[in-house]
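Novice: Based on what follows, work out the 3D shape:
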Amino acid sequence: MHVHNCAPARPGNNAASNDETLLERMKLDDDAGAYRLLVERHVNNAYALALRLLCKSSAAEDVTQDALIKAWTHRHDWEPGRTRFSIWLYRIVVNRCADLQHRPASADVNVIPEPTDVIQCRHVFPRLETALGELPVQHRTALTLTYFDHLTSADVAEVMGTTESTVESWLSCARSHLREVLRGSEADMHAALGFRPK
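Specialist: Below you'll find the model as predicted:
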């Protein structure tokens, strides 16, 4: 799997409708070409999400590949108009990341060292990275989906299988923690997430 960078791209206005057309072809006709187009469109965003949640490039690649394979093998489960492909894929990624984060630490003894460019990308704001790592998994996931993947609270709730009010509560707690930990690093915080400590 080739990933160009660790910054997700914002989808275009008609991306969702195009995705739905491709999904219909994938579901009804077992169209592998449509699947490849969906993979090309969403692989970088899925990988970026997994990398931010796991902080290991090798694990993030595995999760992304697993999620994309699952999207193909479960293509007949998708219901037109019910959810967007990106949301469906993010849900798979988040769930798989949660599974890995609950594994014993000994399960990661053979992790391959990360490429230098990925490490540099993740550590542009090192204090922010540390602060994010201190958050509970649900808070970090909600904040990541909101500020890095530009999802609405409704979309985050759908990805995480919870309510909008719960997402807002998690975000509030996450922002409060970051404001406390990153006091004095307002510029980094604003550049990365778009809000400043008060």
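Novice: what's the most centrally placed residue in the chain sitting at in phi/psi?
Specialist: The centroid of the chain falls nearest to residue 49 when counting by CA atoms, centre = their mean (2.5 Å). For residue 49, the backbone dihedrals are phi -60, psi -50 (criterion: degrees, to the nearest 10).
Novice: List the residues that contact it.
Specialist: 8, 90, 93, 94, 144, 145, 148, 149 (CB atoms under 8 Å, 6 or more residues apart in numbering). For the C-beta atoms, the positions are set from N, CA and C on the backbone; glycine is no exception.
Novice: surely residue 55 meets residue 130?
Specialist: No - using CB atoms under 8 Å, residue 55 makes no contact with residue 130, being 10.4 Å away.
Novice: So these two - more neighbours on which side?
Specialist: Set side by side, residue 55 and residue 130 show unequal neighbour counts under other CB atoms under 10 Å, the larger going to residue 55 at 16 against 12.
Novice: And the pLDDT at that one?
Specialist: Reading off the confidence values, residue 55 has pLDDT 83.
Novice: In this structure, what helix or strand scores lowest on average pLDDT?
Specialist: One helix or strand of the chain scores below all others by mean pLDDT, DSSP states H and E: helix 116-122, with a mean of 41.
Novice: next structured bit after that helix?
Specialist: Sequence-wise, the next helix or strand downstream of helix 116-122 (DSSP states H and E) is helix 126-134.
Novice: In CSV, could you pull the C-alpha coordinates for that next one?
Specialist: What follows is helix 126-134 as a C-alpha-only set of coordinates in CSV (Å, rounded to 0.1, in the frame of the first residue of the first chain):
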residue,chain,number,x,y,z
PRO,A,126,5.5,17.0,19.6
ARG,A,127,3.8,18.3,22.7
LEU,A,128,0.4,18.0,20.9
GLU,A,129,1.3,14.4,20.0
THR,A,130,2.1,13.6,23.6
ALA,A,131,-1.0,15.3,24.9
LEU,A,132,-3.2,13.4,22.4
GLY,A,133,-1.6,10.2,23.6
GLU,A,134,-2.7,10.9,27.1
